[in-house]
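In: Provide a 3D model corresponding to the input given below.
(one chain, ligands or ions: 1)
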Amino acid sequence: MPPLLCHICKMSVLKIFKFPDPILKKVCSKVTKFDLKLEGFVNDLTETLQSYKFCVGIAAPQAGSLQRVIIVDVSRARKPQPNNGLLILINPVILESSNFKIVREGCLSIPDFTANVKRAMEITIAYQNIKGETKTLSTKDFEAHAIQHEADHLDGILFLDKITSPAADLFRRVKY
Ligand SMILES: [Zn+2]
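Out: This is a model prediction of the structure:
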């Protein structure tokens, strides 16, 4: 689907697919072509993330594209923690994870709920940047948490798949 152009800010905002759309359960393919088409998609995906207040992450399948691309920017959080700003992570792989905690998270594709999920508070990942160069990044706390959530999307995993007890761990989101 072509991006919708916002009349106010002229951004290309992509449609967000929501649970239970089957596209969210698919495993995404590795990106192999680092071309202008990829760059255009990454720009649109970034602008889509930035069109949602306090949104800190988005994954390509949420916008209907089954490729291994995630974008994380926890500087946009309501209460920002130390972070690396806008991260465009292509073909991300979590190499190491430690210091697991139960944390609360939400998802653009599941707008009415949040959930308690077990996540590593320290991770090291390998990924490729927009030029296809391989990089590694070690990060912690909320940024690490957000990267894990978005990376799960690339394997068709939602936070709903990670909770053991909906009664105890699933919460209706308070509208504000
Ligand atoms: Zn999500």
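In: how far does stretch 117-136 sit from the chain's center?
Out: Distance of stretch 117-136 from its chain centroid, counting by CA atoms, centre = their mean, to the nearest Å, is 12 Å.
In: Y127: neighbour count?
Out: By other CB atoms under 10 Å, 22 other residues sit near Y127. (Each C-beta comes from the backbone N, C-alpha and C, glycine too.)
In: from what I can see it touches N84, true?
Out: No - using CB atoms under 8 Å as the test, Y127 is too far from N84 to be in contact (12.0 Å).
In: quick check: phi and psi at F54.
Out: Backbone torsions for F54, taken as degrees, to the nearest 10, come to phi 70, psi 10.
In: next up, the contacts around it.
Out: By CB atoms under 8 Å, 6 or more residues apart in numbering, F54 lies in contact with R76, A77, R78.
In: for this protein, which strand is longest?
Out: strand 87-105 (DSSP state E).
In: for this protein, which helix is longest?
Out: Across the chain, the longest stretch assigned as helix under DSSP state H is helix 36-50.
In: and the next helix or strand after it, what does it pack onto?
Out: Toward the C-terminus, helix 36-50 is succeeded by strand 57-59 as the next helix or strand (DSSP states H and E). Judged by 3 or more CB pairs under 8 Å, 6 or more residues apart in numbering; DSSP states H and E, strand 57-59 is in contact with helix 36-50, strand 69-72, helix 141-153.
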